[in-house]
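[1] give the three-dimensional model of this entry:
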Amino acid sequence: MSERRAHPRVRGPFEGWWDGMVRQEGRIVDLSIGGCYIESLQHPAAGEHVIVSIALEAGQIQIPAEAMYGESTRGFAVRFLDLPAALMDVLRAEVDRRMRGSAREGSA
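    Numbers count the residues shown, from 1 in each chain. Coordinates of the predicted model:
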């Protein structure tokens with residue numbers, strides 16, 4: 001199976017929530033600058049626009065996103081929409097920091 005992701009991703013967990021019609025708790029388990037996967041008992045329909053809030057080392061950020069697909073009661077994937085440059089920089093720094101940390105752990 002070929003890799004469909006356009007951006008490197010890092011494993012969480014990251015604490016956060018998502019807000020569609022109602023605010024829901026969720027745990028971000030997979031994160032890239034293009035989107036994330038959220039573990040949640042509830043999930044929005046594919047194509048629905050939501051706000052994803054993620055707790056990062058730099059602080060809590062809110063990102064507009066579109067639900068891509070859901071997996072029963074396991075969770076769902078989103079792609080980020082119209083990410084402002086400042087948020088892109090924060091997200092990129094977090095992904096880079098975690099990737100460097102993973103590389104060090106793998107070489108130990």
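
[2] give me the helices and strands touching the longest strand seen in the chain, please.
    In terms of residue count, the longest strand belonging to the chain (DSSP state E) is strand 59-71. In terms of contacts (3 or more CB pairs under 8 Å, 6 or more residues apart in numbering; DSSP states H and E), strand 59-71 is packed against strand 35-39, strand 49-56, strand 75-80, helix 85-107. Where C-beta positions appear, they are placed from N, C-alpha and C, glycine not excepted.

[3] pLDDT value on the residue lying closest to Leu81 once chain neighbours are set aside, please?
    The shortest distance from Leu81 to any non-neighbouring residue, by CB to CB, 6 or more residues apart in numbering, is to Pro64 (4.6 Å). At Pro64, the model reports a pLDDT of 95.

[4] follow-up on the earlier one: name the strands paired with the longest strand of the chain and say parallel or antiparallel.
    Paired neighbours of strand 59-71 in the sheet (DSSP bridges): strand 49-56 (antiparallel), strand 75-80 (antiparallel).

[5] quick one: buried residues of it?
    For strand 59-71, the neighbour count (16 or more other CB atoms under 10 Å) marks Ile61, Ile63, Ala65, Glu66, Ala67, Gly70 as buried.
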